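K.L.:
return atomic coordinates for the entry below.
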Amino acid sequence: MLDPYELTVHTLTLRQLGSAEDLSEINGLAVDDVEAALEKAVVEGTVMAARGNNMITPAGREFLDTVYPRTFAALRADTAVTAAMDAFETGVNKQILALTTDWQTIEIDGDRVPNDHGDQDYDSKIITKLGRVHEKTYKVLRPLADADPLVDRFLDRIGDALVRAEGGETDYVSGVRVDSVHTVWFQMHEHILRLTGRERPE
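P.N.:
Sure thing, here's the model as predicted:
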């Protein structure tokens with residue numbers, strides 16, 4: 001797996017701009033370890049720091065392009081992982097995308113219009129469906145999670161967002177300013193694409 005330095009730089013491909021605390025929340029490293037990695041990365045030119053935030057540089061992306069094939073060679077050759085990714089892309093990922101659209105819009109007289117979230121029953125059904133897909137995803141991605149525990153961390157964070165959404169904090173479904181289901185799912189998807197060497201489907 002990735003060492004703390006590599007993982008910290010990698011995390012900035014999942015969140016384009018972030019503090020050490022932000023990155024720690026995603027990758028599970030101690031904040032002190034992330035800070036140390038960021039200091040090294042800035043010196044080496046793989047990360048740029050400004051006003052408490054950090055972003056990956058082109059040199060950082062080139063660095064990771066050499067790290068991924070070496071680190072994840074065995075994972076990429078694993079037929080169970082390949083099958084899991086196929087099932088993910090054609091199944092649960094499409095379901096999440098469709099449910100996110102259903103959350104953000106609602107059909108009225110055959111037309112899709114923005115959802116004003118005035119229909120609590122409609123919203124509640126979407127959140128329930130998201131929960132079912134989330135539970136299924138634990139099983140679908142098990143071969144990847146067995147190889148990389150960070151996958152389970154992403155799924156647990158999605159579960160935390162669902163709990164908050166179920167409690168009435170509806171920004172946790174697709175809000176961009178919080179660790180919503182949609183935000184964390186996007187991060188997880190990018191993470192497993194980089195592990196497996198795949199491109200994001202169009």
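K.L.:
top helix in the chain by residue count?
P.N.:
helix 120-140 (DSSP state H).
K.L.:
contact partners of that helix?
P.N.:
84, 87-88, 91-92, 95-96, 99, 102-103, 106, 115, 117, 145, 152, 155, 158-159, 162, 165-166, 170, 173, 181 (C-beta atoms under 8 Å, 6 or more residues apart in numbering). Bear in mind the C-beta positions are built from the backbone N, C-alpha and C, glycine included.
K.L.:
what's the PyMOL line that selects buried ones from those residues?
P.N.:
Burial among the contacts of helix 120-140 is assessed by 16 or more other C-beta atoms under 10 Å; the matching PyMOL selection reads:
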select buried, resi 84+87+88+92+95+96+99+102+103+106+115+145+155+158+159+162+165+166+170+173+181
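K.L.:
in strands, which of the contacts of helix 120-140 appear?
P.N.:
Among the contacts of helix 120-140, the members falling in strands (DSSP state E) are residue 106.
K.L.:
relative to the whole chain's centre, how far out is the longest helix of the chain?
P.N.:
Distance of helix 120-140 from the chain centroid (C-alpha atoms, centre = their mean, to the nearest Å) equals 17 Å.
K.L.:
for stretch 67-79, what is the average pLDDT?
P.N.:
Average pLDDT, stretch 67-79: 97.
K.L.:
domains for this protein, by residue range?
P.N.:
4-71, 78-196 (automatic domain parsing).
K.L.:
distance between the ends of the shortest one?
P.N.:
So the one you mean is domain 4-71. 13 Å (C-alpha to C-alpha, to the nearest Å).
K.L.:
what does the last one give?
P.N.:
End-to-end distance for domain 78-196: 10 Å, by C-alpha to C-alpha.
K.L.:
could you do stretch 4-21 as well?
P.N.:
First residue to last in stretch 4-21 (C-alpha to C-alpha) measures 14 Å.
K.L.:
quick one: contacts of it?
P.N.:
1-2, 22-23, 26-27, 29, 31, 33-38, 40-41, 46-47, 52-56, 60-61, 63-64, 67, 71, 187, 190-191, 194.
K.L.:
how about stretch 90-109?
P.N.:
Contacts for stretch 90-109 (C-beta under 8 Å, 6+ apart): 112-115, 119, 122-123, 126, 129-130, 133, 136-137, 140, 173-174, 181-182, 185, 189, 201.
K.L.:
please indicate which of the residues you listed are buried?
P.N.:
115, 123, 126, 129-130, 133, 137, 140, 173-174, 181-182, 185, 189.
K.L.:
mind giving me a markdown table with these and columns for pLDDT and distance to residue 78?
P.N.:
Listed next are these as a markdown table, based on pLDDT from 0 to 100; distance: C-beta to C-beta, whole Å:
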| residue | pLDDT | distance to residue 78 |
| --- | --- | --- |
| 115 | 91 | 40 |
| 123 | 95 | 39 |
| 126 | 97 | 34 |
| 129 | 98 | 31 |
| 130 | 98 | 29 |
| 133 | 98 | 24 |
| 137 | 98 | 18 |
| 140 | 98 | 15 |
| 173 | 97 | 33 |
| 174 | 96 | 32 |
| 181 | 98 | 28 |
| 182 | 97 | 28 |
| 185 | 98 | 23 |
| 189 | 98 | 19 |
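K.L.:
tell me which two in these are the farthest apart.
P.N.:
115 and 140 (27.4 Å; C-beta to C-beta).
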